[in-house]
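K.L.:
build me a structure from this.
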Amino acid sequence: MFTIWNDLTDNEGVVLLQLFHEHTVILAKRVAVTAYHRGKIVFP
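P.N.:
Numbering: from 1, shown residues only. Here you go, the predicted structure:
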């Protein structure tokens with residue numbers, strides 16, 4: 001769920017709504033990078 005309120009709704013909200021209709025939007029939380037070192041997974 002994505003929620004905006006107050007002045008943000010009137011100003012940037014209009015622009016965001018246009019972008020959501022024109023482009024694919026992907027939101028992610030807790031994105032991590034997995035690295036490999038000599039065949040073993042290394043966590044940052």
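K.L.:
now do the same for the nearest residue to I41 once chain neighbours are set aside: its pLDDT.
P.N.:
Leaving aside its chain neighbours, I41 sits nearest to T34 (5.9 Å; criterion: Cβ to Cβ, 6 or more residues apart in numbering). Placement of C-beta: from N, CA and C, glycine included. Predicted confidence (pLDDT) for T34: 70.
K.L.:
part of a helix, is Y36?
P.N.:
No. Looking at Y36 with DSSP: H, G, I helix; E, B strand; the rest coil, it is strand, so not inside a helix.
K.L.:
and it, what does it touch?
P.N.:
V42 (Cβ atoms under 8 Å, 6 or more residues apart in numbering).
K.L.:
would you mind measuring from it to T9?
P.N.:
According to Cβ to Cβ, to the nearest Å, Y36 stands 44 Å off from T9.
K.L.:
just give me how far the longest helix seen in the chain sits from the chain centre.
P.N.:
The residue-count maximum for a helix in the chain (DSSP state H) belongs to helix 12-22. Distance of helix 12-22 from its chain centroid, counting by Cα atoms, centre = their mean, to the nearest Å, is 14 Å.
K.L.:
just the residues contacting that helix, thanks.
P.N.:
4, 25.
K.L.:
one more pass at 6 Å, please.
P.N.:
Residues outside helix 12-22 that contact it (Cβ atoms under 6 Å, 6 or more residues apart in numbering): I4.
K.L.:
what is the burial count for G13?
P.N.:
14 (other Cβ atoms under 10 Å).
K.L.:
one more: R38?
P.N.:
By other Cβ under 10 Å, the burial measure for R38, its neighbour count, is 5.
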